[in-house]
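1. Task: produce atomic coordinates for the following.
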Amino acid sequence: MNPLGLLLAAAIVVIPVWIAVDVLRRNDSFFRRYVQMEQLLLRNRPLAVAAAAIVALNWFWNIAKGL
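-> Sure thing, here's the model as predicted:
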């Protein structure tokens, strides 16, 4: 099983619900949070490198186990 798959599965459920609630409430909380996270990664290079490293390690792990 892919460990990042659990995060993706949760995101597939949570994000559409969050966007739908924003549309119904005429709010932009999801967009604001997205922009905040993007700015955080742009300002904090070690955090961005760590996130990319986690994805790369997950990719290598999946290759090593034969997927």
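2. and the lengthiest helix in the chain, what's its mean pLDDT?
-> Longest helix in the chain, counting residues (DSSP state H): helix 3-25. Helix 3-25 shows a mean pLDDT of 94 in the predicted model.
3. by contact count, what packs against that helix?
-> The contact analysis (3 or more C-beta pairs under 8 Å, 6 or more residues apart in numbering; DSSP states H and E) places helix 3-25 against helix 29-43, helix 45-64. From N, CA and C alone the C-beta is placed, and that goes for glycine too.
4. Would you mind pulling the contact partners of that helix?
-> 27-31, 54-55, 58, 61 (C-beta atoms under 8 Å, 6 or more residues apart in numbering).
5. next one: stretch 57-67
-> Identification of contacts with stretch 57-67 by C-beta under 8 Å, 6+ apart yields 2-4.
6. buried set for it?
-> Neighbour counts over stretch 57-67 (16 or more other C-beta atoms under 10 Å) mark no residue as buried.
7. for stretch 1-18, same thing?
-> By 16+ other C-beta under 10 Å, stretch 1-18 has no buried positions at all.
8. so how far is it off the chain centroid?
-> Its chain's C-alpha centre and that of stretch 1-18 lie 8 Å apart, by C-alpha atoms, centre = their mean, to the nearest Å.
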